[in-house]
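> curious how this folds, go ahead:
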Amino acid sequence: MKPRTGQMGTVPRQCRALLQLLLLGLAVGAQDLLPPTAAPWSRDPGLRARAGSSPSSLQKLWGRFPLQPGPQGAGPRCWFHGFWSEPQSPWFIFGGGTQLTVLDQPKSAPLVTLFPPSSEELQVNKATLVCLMNDFYPGTVMVAWKANGTTITQGVETTQPSKQRNNKYMASSYLTVTPDQWISRGTYTCQVTHEGSTVEKNVSLAKCSW
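Next up is the predicted model:
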């Protein structure tokens with residue numbers, strides 16, 4: 001028999017209980033679904049009757065929904081913004097629905113290569129240093145440029161990481177200076193930070209040969 005309009009249908013029993021918690025949180029003006037010990041309890045007897053639970057019973061109910069990993073292929077489960085059924089990788093749910101995804105492959109540090117300005121570019125009064133980053137995972141890096149140890153922020157442009165065919169990531173960063181700055185500043189450094197580790201590559205006019 002098909003469920004009529006307004007019925008819960010095949011929603012799991014635990015989801016119904018959690019839905020009661022969500023409705024109670026909305027009734028008392030909560031922004032997120034909080035444990036009963038942290039959410040204000042209404043003094044309105046009518047509201048308590050409609051909620052159908054007391055603070056102590058809500059605490060017991062909340063204890064049935066601890067922070068747990070989402071198992072592979074375990075069927076539908078409840079979380080505060082809806083349902084999930086077939087996760088692509090293990091994950092955890094925090095607070096009001098923040099999702100933490102577990103890495104599906106090992107971490108990989110970036111391979112960093114730093115190129116000086118080309119002689120052709122210098123001849124037309126331009127100077128661009130190029131820092132290439134390849135084969136890193138996960139796909140987030142921070143890039144800083146330095147000249148003789150002093151951080152440079154002007155003339156810097158860094159691309160968003162893009163996925164390679166091997167499912168690792170690549171990105172590039174460019175520093176544009178004048179030919180005079182390239183000659184006078186000495187050593188330039190591209191500093192790449194990935195997963196708490198830092199890789200630095202240096203280049204200077206004295207080390208270049210065209």
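
> okay, now the domains of this protein?
Domain segmentation of the chain under automatic domain parsing yields 13-101, 111-207.

> which stretch in the ones you listed has the least confidence?
Confidence, taken as mean pLDDT, is least for domain 13-101 of the domains of the chain (a mean of 46).

> how near is the closest residue to Ser162 other than its chain neighbours to Thr150?
Residue nearest to Ser162 in three dimensions, not counting chain neighbours: Met170, with 6.0 Å by Cβ to Cβ, 6 or more residues apart in numbering. Using the backbone N, CA and C atoms, a C-beta is placed for each residue, glycine as well. Using Cβ to Cβ, to the nearest Å, Met170 is found at 28 Å from Thr150.

> which one of these two has more residues nearby?
Neighbours per residue (other Cβ atoms under 10 Å) separate Met170 from Thr150, with Met170 holding more: 18 against 9.

> that one touches Val141, doesn't it?
No. Using Cβ atoms under 8 Å as the test, Met170 is too far from Val141 to be in contact (9.9 Å).

> what touches both of the two?
Shared contacts of Met170 and Val141 (Cβ atoms under 8 Å, 6 or more residues apart in numbering): 133, 161.

> whatever helix or strand Met170 lives in - contacts with which helices or strands?
When elements are assigned from DSSP states H and E, Met170 belongs to strand 169-177. Contact analysis of strand 169-177 by 3 or more Cβ pairs under 8 Å, 6 or more residues apart in numbering; DSSP states H and E lists strand 127-136, strand 142-147, strand 156-158, strand 162-163, strand 187-194 as its packing neighbours.

> in that strand, what's buried?
Within strand 169-177, the residues that count as buried by 16 or more other Cβ atoms under 10 Å are 169-175, 177.
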